[in-house]
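What shape does this take:
(chains A and B)
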Protein chains: 2
Amino acid sequence: MANRITPRTLRGFRDFLPEMMMPREKLIDRAKEVYRSFGFSPIDTPALELLEILTGKGGEETDRQLYQFEDAGGRRVGMRFDLTVPLARFVAQHAPKLGLPFKRYHIATVWRGENTQRGRYREFMQCDFDTIGSLAVATDIETALVIHDLMRRMDLTSQQDFTAFQIRINNRQILNGLLDQLGLSEGSTLILRALDKLPKIGAEKVGTEISVSGADAGQVNKILEFASLQGSNDEILTRLSNIIGGNEVGQAGVARLADTIQGIRAAGIDESHVQIDVSIARGLDYYTGMIYETFLTDLPTIGSVCSGGRYDNLAELYTKQQLPGIGASLGLDRLLAALEELNKIEKVATPAKVFVAFFDKQRLHDYLSIANLIRQSGISVELYPDPKKLGAQLKYADERGFRIAVIAGDQELDKNEVQVKDLAAKSSSVCSLEQDGEELIKELGRILA
Amino acid sequence: MANRITPRTLRGFRDFLPEMMMPREKLIDRAKEVYRSFGFSPIDTPALELLEILTGKGGEETDRQLYQFEDAGGRRVGMRFDLTVPLARFVAQHAPKLGLPFKRYHIATVWRGENTQRGRYREFMQCDFDTIGSLAVATDIETALVIHDLMRRMDLTSQQDFTAFQIRINNRQILNGLLDQLGLSEGSTLILRALDKLPKIGAEKVGTEISVSGADAGQVNKILEFASLQGSNDEILTRLSNIIGGNEVGQAGVARLADTIQGIRAAGIDESHVQIDVSIARGLDYYTGMIYETFLTDLPTIGSVCSGGRYDNLAELYTKQQLPGIGASLGLDRLLAALEELNKIEKVATPAKVFVAFFDKQRLHDYLSIANLIRQSGISVELYPDPKKLGAQLKYADERGFRIAVIAGDQELDKNEVQVKDLAAKSSSVCSLEQDGEELIKELGRILA
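Residues are numbered from 1 along each chain as shown, chains lettered A, B, ... in the order given. Coordinates of the predicted model:
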């Protein structure tokens, strides 16, 4: 084997080693539990789709970022770049079978040929939930409740509620109403995109960008003044009503925002976690009603970790059936990076809690039996496979982050007992194996509690 | 929107609708629990790899099946076709950080341009576990224990043990020893492949295939006689010892098989689930020691649902470090098809148990509060978002497979109570919402128990 291949991953792609994969799986599991608790069902779609399915909707930028090729059958195909286009295709294709409203979650990998110099990955996981086929305010409220419950479960080191977050909500129609009032509706896309940059580039630069739409200085000021509205949710709602005045679209937006806030209250949510923020616009033209962003109180600069909103027509490319919907996406990678920074991730490289050393090479059957006993009690346990020196085995256990080591030599085993080492507290005790290891299981339970 | 695109998936690819995705997720969750209980850690690798990484090892057939293309940066890349090649690359790349032995599970999608006329999919999920870096018999034993625990958890309709399965084990060295004795070692690949077809095409045709290797009629008979050995594990071991006689390789294989059986006994497994079967050879040349296959007692014809074995050198293409290992793969798709046929899958299209009807359009806040109450108690619940006719809502609940409907109109809500309908038993009762809905939660718990 003269010419070995250098083992490496493609630029922009990465391996997940156990200590990163375990918190990732835990985060995904918790997200699934929350989605399911509201009746969202899982679906999956192919990684590869016909190119025309994927590019029908996307703009030029999307196309350049798309991994596309001709398959062996001569078909132009591409790898999915988000989960929204596949959802649109999926709902259009299976609508009669699915029924409406259709509530789904989809946790899957997507691919984009991003510029890796910006530190972006070309392969990442999306974690979306959507309700298709309903215009009801109940779904606007529920979207906030789901985000709330997702965030509550984000402390991976604990079963306790995570509380250091705030969901910011807005309604796209309010700004539309204001622009309508000001006679600036035609510049709305440009203005929305400019407003989206407010936290990053500040009011002055945003004002300059807005003025490109043809707004005069007074109009720019009105828009910026509007976007900087602050206060309690009720205060903002009152002021919005006054500002929007008689504009029909704008008033509808304010009313919807008010109904959503009241519904969130009725569901018993602590309102400090939900704040109206009329400056959030979510650059995408796609959204037409409520908009949601979610910020971590202790790390606001990383941006929104869960974002979404309401849209009018999901699948117009594939079906004449009008399918309105609402949903949001949990930013898994961003959230994991944040949780790492906030020390909300446990750093271990094994999912097992207990390590059984293979101390005496004649006693493999005893170790197998002990490991089985522990595992049957519901505690995860790894048996070291080789009778190496105990020091090397304990080093292995320590590096991987096992919590407990169970050690027994000839003498202990003859007495039907084992030594239990608490690797964190650096203490140890001797436990009997009599009566199906009752004492051992109890001691392991005590340490792990 | 004149030119709509027909919503469709690529040939050989498929969508997973909720009623198929839910059992799939459940099966994967149970597999993860088992892997973790033995200390196997999750990893993930990119879907795309450099082509040279993927094709270094694969034969011609693999190459033709590979989805490959040139990316925007001019690199030849391919989509992974299994999880073994990525594992080899991964271990070679990260060996110092991982340490040995390294135990990992990997549950991920792979792609192959299979001939779809045979009913094969081009995208499917693999569910592998492996222990790298140990030659110890403890890992041979553990592989059987993991398969055993996987199978035990396969009844998705129940937490009870599934028992209608048998793990068949063999050791590749035994047949190697026999062929060595017969002077037929050079034909071993051909003979192995022929023997692998024994259950499908029968002894006569296999004999004809074996004779191509140069074996005479007597030798063919000896091989077929050997492959048809039956009896208890101990009986077979005794007879194998006699047949293999003084052949060193063969005797080592028999000894390893005996040690593995004894270890499985020591771990307390019901031995009726483990049967030595010297006819299983697993066509792949790849395996060098123990071999495992797993059959469902009530559906033997679907073939092995969990297969694997020991190999000498995982990553020789990428590193000079010799990395022996052992592992197996759970056949997720085949198993799901089998469980469906065996009625071991619950057919529902929602993960939520309780449906709350939106009966009176003035009382949305009450329904939100009731749904929240139920959800906080740990029971999954969906609130219908629109105040449609009750009949339409109950039809929706029924079609999706909710177990319970909670219904309340103006009058009930004014009395602070709700009606609870058991949709399976077609019975109903009235529950008070007093004291945080204690009576309601108790009744829901009773029905769901």
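
going forward, measure contacts and count neighbours with C-alpha atoms only.
Fine.

residue contacts, the residue in the stretch 101-250 of chain A that chain B sits nearest to?
As assessed by Cα to the nearest Cα, chain B sits closest to A:A138 within the stretch 101-250 of chain A, at 5.1 Å. In this structure, A:A138 makes contact with A:260, A:263, B:364, B:385-386, judged by Cα atoms under 8 Å, 6 or more residues apart in numbering or on different chains.

Quick check: A:I345 is in a helix.
No. Read with DSSP: H, G, I helix; E, B strand; the rest coil, A:I345 is coil and lies in no helix.

For it, give its distance to chain B.
Separation of A:I345 from chain B (Cα to the nearest Cα, to the nearest Å): 16 Å.

per-residue confidence at that residue?
Here the pLDDT value assigned to A:I345 is 90.

And for it, the neighbour number?
24 (other Cα atoms under 10 Å in any protein chain shown).

Tell me how chain A divides into domains.
Taking automatic domain parsing as the reference, chain A has its domains at A:11-155+A:327-343, A:165-296, A:354-448.

Kindly present those domains as JSON lines, with separate columns for distance to B:T319.
Formatted as JSON lines, these follow (distance: least, Cα to Cα, whole Å):
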{"stretch": "domain A:11-155+A:327-343", "distance to B:T319": "18"}
{"stretch": "domain A:165-296", "distance to B:T319": "44"}
{"stretch": "domain A:354-448", "distance to B:T319": "22"}
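
touching chain B at all, the helix or strand hosting A:G78?
Assigned by DSSP states H and E, A:G78 belongs to strand A:76-79. No. If you take Cα under 8 Å from any Cα of the partner chain as the test, strand A:76-79 misses chain B, and the best it gets is 8.6 Å.

quick one: buried residues of that strand?
A:77-79 (16 or more other Cα atoms under 10 Å in any protein chain shown).

now those residues in CSV, with pLDDT?
Formatted as CSV, the buried residues of strand A:76-79 follow (pLDDT from 0 to 100):
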residue, pLDDT
A:V77, 95
A:G78, 96
A:M79, 97
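
Which of the helices or strands spans the nearest residue to A:R400 once chain neighbours are set aside?
Closest residue to A:R400 apart from its sequence neighbours, by Cα to Cα, 6 or more residues apart in numbering or on different chains: A:A349 at 4.7 Å. A:A349 belongs to no helix or strand when assigned by DSSP H and E.

can you map out the strands along the stretch 301-449 of chain A?
Using DSSP state E, counting those that start in this stretch, the strands of the stretch 301-449 of chain A run over A:306-311, A:325-330, A:354-356, A:381-383, A:404-407, A:417-422, A:427-432.

Out of those, which gets nearest to chain B?
Nearest to chain B, of the strands of the stretch 301-449 of chain A and by Cα to the nearest Cα, is strand A:381-383 at 5.0 Å.

could you check whether that closest one is close to chain B?
Yes. Using Cα under 8 Å from any Cα, strand A:381-383 reaches chain B at A:381-383.

closest to B:P42 out of the domains of chain A?
Of all the domains of chain A, domain A:11-155+A:327-343 sits nearest to B:P42, with 5.5 Å by Cα to Cα.

and the strand holding A:G78, what does it pack onto?
Judged by 3 or more Cα pairs under 8 Å, 6 or more residues apart in numbering or on different chains; DSSP states H and E, strand A:76-79 is in contact with strand A:48-50, helix A:51-55, strand A:68-70.

isn't A:S380 right next to A:T350, touching?
No. Counting by Cα atoms under 8 Å, A:S380 does not reach A:T350; the two are 9.9 Å apart.

Tell me which of those two has more neighbours.
Legend: neighbour count by other Cα under 10 Å for A:S380 and A:T350, higher for A:T350 (27 against 24).

show me where pLDDT drops low in chain A?
Residue ranges of chain A with pLDDT under 70: A:1-2, A:57-63, A:282-284.

ok, 50 please
Within chain A, the segments meeting pLDDT under 50 span A:58-60.

What is the burial count for the one residue in the stretch 1-150 of chain A that gets nearest to chain B?
Closest approach between the stretch 1-150 of chain A and chain B, counting by Cα to the nearest Cα: A:S37, at 3.9 Å. By other Cα under 10 Å, 24 other residues sit near A:S37.

quick one: the residue nearest to it when sequence neighbours are not counted from B:G445, how far?
Spatial nearest neighbour of A:S37, excluding adjacent residues (Cα to Cα, 6+ apart): B:S380 at 3.9 Å. Remark: distance between B:S380 and B:G445 (Cα to Cα, to the nearest Å) = 11 Å.

And A:L335, by the same measure?
35 Å.

so who does A:I291 touch?
So A:I291 contacts A:169-172, A:280-282, A:307-310 (Cα under 8 Å, 6+ apart).

switch to 6 Å and redo it
When contacts are counted by Cα atoms under 6 Å, 6 or more residues apart in numbering or on different chains, A:I291 is found next to A:169-171, A:308-309.

Now for these, which sits with the most neighbours around it?
A:N171 (28 neighbours).

roughly how far apart are it and B:A92?
In terms of Cα to Cα, A:N171 sits 52 Å off from B:A92.

Equivalent analysis for A:P23, please.
Distance, A:P23 to B:A92, using Cα to Cα: 24 Å.

more neighbours, those two?
More crowded of A:P23 and B:A92, by other Cα under 10 Å: B:A92, with 24 against 21.

That one: which element?
helix B:84-98.

Okay, now the sheet partners of the next helix or strand after that helix, with direction.
For helix B:84-98, the following helix or strand on the C-terminal side (DSSP H and E) is strand B:102-111. Using DSSP bridges, strand B:102-111 pairs in its sheet with strand B:41-42 (parallel), strand B:123-132 (antiparallel).

what's A:A357 sitting at in phi/psi?
Backbone torsions of A:A357, given as degrees, to the nearest 10, read phi -70, psi 140.

That one reaches A:A408, doesn't it?
No. In this structure, A:A357 is not within contact of A:A408 by Cα atoms under 6 Å, at 7.6 Å.

Counting neighbours, go ahead and name the busier of these two.
A count of neighbours by other Cα under 10 Å puts A:A357 above the other of A:A357 and A:A408, at 25 against 22.
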